[in-house]
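Engineer: all I have is the shape, not the residue letters:
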């Protein structure tokens, strides 16, 4: 029942979205939240039976921003969120130490995301790493703002021993894994799968 209320609360807040003005990838966070609402609602209604290619293709064509996903990527994201730890996935990502540090900090519930985005914007991270990190921050920002309004998805996970939203952590790991497997076009698709799996954690 708790998970059903989670889905309904997300759906109720779909229309009201706050912008992260200093993040050039803010729109990805908006698309993520709107898509996540639809996916969560469909999952609770029993419409998502498996993550086969037909299902992934359907949502890729119908969700905002047309997120990309493959069966192999979806399976890797599910395994990463369910069977590993956030720290391990981030450490094994192949990203630079600075990018890893930004990601770990941003997924903690007590992080100041606007400040972190500003630091990333002026950092010397490679362009592709900036895009990955800022996309993750945009997703986390919109999940957090929505979560604060609806008082849902309590911080049941941790990263670096700090409390974190399981949906945000799952989405962040999904971005890392999705990008590693099929490039930046799969970042939001990976985030959606990871966020959904993370939000269902007990």
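Structural biologist: Everything's here; your move. It should be emphasised that the depicted structure is a prediction, and the values quoted were computed from it without experimental measurement. Numbers count the residues shown, from 1 in each chain.

Engineer: contacts, neighbours, all on C-alpha from now
Structural biologist: Noted.

Engineer: so residue 60 makes contact with residue 54?
Structural biologist: No: counting by C-alpha atoms under 8 Å, residue 60 stays clear of residue 54, with 9.8 Å between them.

Engineer: quick one: residues in contact with the lengthiest helix in the chain.
Structural biologist: In the chain, with assignment by DSSP state H, the single longest helix is helix 127-150. For helix 127-150, contacts defined as C-alpha atoms under 8 Å, 6 or more residues apart in numbering pick out 9-10, 13, 17-20, 23-30, 32-33, 95, 99, 102-103, 106-107, 113, 117, 120-121, 153, 167-168, 171-172, 175-176, 179, 184, 187, 191.

Engineer: got it, and stretch 191-202?
Structural biologist: Contact partners of stretch 191-202, identified using C-alpha under 8 Å, 6+ apart, comprise 3, 32, 35-36, 39-40, 74, 77-78, 81-82, 139, 153, 156, 166-175, 178.

Engineer: among the contacts of helix 127-150, the buried ones, what's the PyMOL command?
Structural biologist: In PyMOL syntax, the buried subset of the contacts of helix 127-150 is picked out as below (16 or more other C-alpha atoms under 10 Å):
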select buried, resi 9+10+13+20+23+25+26+27+28+29+30+32+33+95+99+102+103+106+107+113+117+120+121+153+167+168+171+172+175+176+179+184+187+191
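
Engineer: picking that back up, what are the buried residues along the longest helix of the chain?
Structural biologist: Buried, per 16+ other C-alpha under 10 Å, within helix 127-150: 129-144, 146-147.

Engineer: who's in contact with residue 51?
Structural biologist: Residues counted as contacts of residue 51 (C-alpha under 8 Å, 6+ apart) are 71, 74.

Engineer: circling back to that earlier point, looking at residue 60 and residue 54, which one has more neighbours?
Structural biologist: residue 60 (17 against 12; other C-alpha atoms under 10 Å).

Engineer: check what pLDDT that one gets.
Structural biologist: pLDDT, residue 60: 95.

Engineer: would you mark the buried spots in the helix or strand hosting it?
Structural biologist: Using DSSP states H and E, the element containing residue 60 is helix 53-62. Buried residues in helix 53-62, counted by 16+ other C-alpha under 10 Å: 56-57, 59-60.

Engineer: against which helices or strands is the strand or helix carrying residue 73 packed?
Structural biologist: Secondary structure from DSSP H and E places residue 73 in helix 71-83. Packed against helix 71-83 by the contact rule (3 or more C-alpha pairs under 8 Å, 6 or more residues apart in numbering; DSSP states H and E) you find helix 166-182, helix 187-199.

Engineer: columns mean pLDDT on top of these, output as JSON lines?
Structural biologist: Output for those, formatted as JSON lines (pLDDT from 0 to 100):
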{"stretch": "helix 166-182", "mean pLDDT": "95"}
{"stretch": "helix 187-199", "mean pLDDT": "94"}
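
Engineer: can you redo the ones you listed as CSV with distance to residue 86?
Structural biologist: Listed next are the helices and strands packed on helix 71-83 as CSV, based on distance: least, C-alpha to C-alpha, whole Å:
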stretch, distance to residue 86
helix 166-182, 7
helix 187-199, 11
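
Engineer: on that earlier part again, buried sites along the next helix or strand after the helix holding residue 73?
Structural biologist: Going down the chain from helix 71-83, the next helix or strand is helix 86-91, by DSSP H and E. Applying a neighbour-count criterion of 16+ other C-alpha under 10 Å, one finds 86-87, 89-90 buried in helix 86-91.
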